[in-house]
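Student: Predicted model and sequence below, questions to follow.
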Amino acid sequence: MLTLAFHIQPVKATGTIYIRADGSIEGTANIQTADNVTYVLTANINDSIIVERNSIVIDGNGYTLQGTGSGTGIDLSGRTNVTVRNTQITGFDYGIYLATSSNNSISGNNITDSSYPIRLEWSSNNIISENKATNNWNEVALYWSSNNIISENNMTGNTNGGIRLSWSIYNMISGNNIANNWNEGIHLDDSPNNSISGNNITNNYFEGIGIYASSSNNTISRNIIEENGYGSLLSLLSSEGRGIWLSDSSDNLIYHNSFINNSNQVLGYGSTNNWDNGYPSGGNYWSDYNGTDFYNGLYQNETGTDGIGDKPYVIDADNRDNYPLMHQSQYVPIAGNLNLDGTIDISDAILAGLAFGSYPGHPRWNELADLNKDNVVDIFDVIILANNFGKYCT
């Protein structure tokens with residue numbers, strides 16, 4: 001069973017720190033900059049930071065930003081092209097907060113013991129990657145936000161869940177580890193047209209993915225959805241723990257996922273969705289599927305055993321996977337898939353071209369285009385992308 005750890009250690013706050021629009025720093029000597037572009041923490045700080053300058057890098061350098069249980073750790077309201085990285089953040093209402101903010105990068109931070117580790121409102125085209133969010137009350141949350149990327153983060157042991165989208169569209173959630181959260185792994189509420197792919201969604205105590213209130217036209221693919229719905233008292237009493245829950249949300253495409261030993265693989269009402277991508281692409285792997293795979297000419301162009309079951313997997317009267325997979329679908333990422341659509345193609349090459357020559361804090365910086373992780377997008381990244389051109393993530 002999950003043990004909730006939400007312990008905020010009180011410390012004496014000395015005030016609010018500002019990085020002003022002119023590049024000056026007010027409120028501490030523990031942040032240094034040599035060029036008014038890269039701001040580096042040189043010791044732990046017991047204050048909040050309000051950022052008023054665009055196109056900068058805030059490097060925590062492994063140091064801790066400690067709160068008192070309220071306020072905001074790093075406030076990026078109204079900011080563009082700001083990178084926040086390598087910072088330990090603990091004990092705030094909002095670890096990192098973005099409102100009407102765009103083209104920012106939040107990467108490599110460790111956020112604990114806060115209400116919201118990261119919260120976005122009315123914000124677009126931000127990248128949230130390779131962060132750890134553990135032992136927080138709420139999820140990494142997006143409200144009224146679009147075209148953001150949430151990738152390769154580790155969200156574990158939070159009370160309400162891992163990731164939440166409310167009234168948010170065209171976001172990509174890819175390659176995250178979302179496990180052992182008390183409520184849900186991922187929650188969508190009034191949020192259509194998002195992509196959820198390649199995530200490990202395991203042992204969340206009520207449900208793996210909850211899709212609510214007219215969240216339609218989402219694509220959910222290549223996720224491992226395993227052992228969800230066994231932990232919370234409510235799910236045990238009601239027998240309604242689930243891998244995916246759908247409420248009044250139809251026309252989602254859900255395929256190439258692995259549903260493994262969830263309390264209920266799928267539950268819901270008022271929803272009719274597409275559970276396969278046709279033949280021969282196939283549908284999902286279901287650990288409780290009892291069909292077989294023989295060559296019997298059931299499908300057009302079938303030439304032998306094809307890895308697809310010979311009878312549908314029936315979810316309910318309105319939902320069925322017509323082409324269930326006989327083996328688990330594993331998501332294997334390939335360097336160069338910058339738009340996270342699963343294929344390395346001309347769209348990715350264009351994104352790499354737009355970011356070419358950029359570095360953290362540069363107006364055109366795209367962290368995902370830095371394929372060799374040397375903090376510059378250059379010819380070496382282009383070579384990696386070119387070598388993988390035409391490949392797809394399986």
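Tutor: Sure thing, it's come through.
Student: buried stuff in stretch 184-197?
Tutor: Within stretch 184-197, the residues scored as buried using 16 or more other C-beta atoms under 10 Å are 184-192, 194-197. Placement of C-beta: from N, CA and C, glycine included.
Student: Would you confirm that Ile334 contacts Phe389?
Tutor: No - shown here, Ile334 and Phe389 do not form a contact pair, counting by C-beta atoms under 8 Å, at 10.2 Å.
Student: End to end on stretch 72-87, go ahead and measure it.
Tutor: Taking C-alpha to C-alpha, to the nearest Å, stretch 72-87 runs 14 Å from one end to the other.
Student: Sorry, slip of the keys, the one I care about is stretch 39-57.
Tutor: The straight-line separation of the ends of stretch 39-57 (C-alpha to C-alpha) is 6 Å.
Student: shared neighbours of Ile334 and Phe389, anything?
Tutor: With contacts defined as C-beta atoms under 8 Å, 6 or more residues apart in numbering, the residues shared by Ile334 and Phe389 are Ile344.
Student: Of the two, which one has the most company?
Tutor: Ile334 (16 against 13; other C-beta atoms under 10 Å).
Student: is it fair to say that one lies in a helix?
Tutor: No - the assignment for Ile334 is coil, going by DSSP: H, G, I helix; E, B strand; the rest coil, so no helix is present there.
Student: can you pull the contacts of the closest residue to Glu227 other than its chain neighbours?
Tutor: The shortest distance from Glu227 to any non-neighbouring residue, by C-beta to C-beta, 6 or more residues apart in numbering, is to Asn203 (4.8 Å). Each residue near Asn203 by C-beta under 8 Å, 6+ apart is listed here: Ala179, Asn180, Glu226, Glu227, Asn228, Tyr230, Gly231.
Student: Could you measure from Asn203 over to Asn176?
Tutor: Relative to Asn176, Asn203 is positioned 14 Å away (C-beta to C-beta, to the nearest Å).
Student: same deal with Asn54?
Tutor: 28 Å.
Student: same thing with Leu325?
Tutor: With the distance defined as C-beta to C-beta, Leu325 ends up 22 Å from Asn176.
Student: neighbour count winner among the two?
Tutor: Asn176 (28 against 24).
Student: so that one makes contact with Ile149?
Tutor: No - between Asn176 and Ile149 there is no contact, the gap being 10.8 Å when judged by C-beta under 8 Å.
Student: The chain: helices as residue ranges?
Tutor: Per DSSP state H, the chain carries helices over the ranges 233-238, 346-355, 379-388.
Student: can you tell which of these is closest to Ser249?
Tutor: Relative to Ser249, the nearest member of those by C-beta to C-beta is helix 233-238, separated by 19.9 Å.
Student: domain ranges for the protein?
Tutor: If you go by automatic domain parsing, the domain ranges for the chain are 10-137, 186-331, 346-388.
Student: Same list, these, but as JSON lines with distance to Trp144 and mean pLDDT please.
Tutor: Output for the domains of the chain, formatted as JSON lines (distance: least, C-beta to C-beta, whole Å; pLDDT from 0 to 100):
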{"stretch": "domain 10-137", "distance to Trp144": "5", "mean pLDDT": "95"}
{"stretch": "domain 186-331", "distance to Trp144": "10", "mean pLDDT": "88"}
{"stretch": "domain 346-388", "distance to Trp144": "23", "mean pLDDT": "87"}
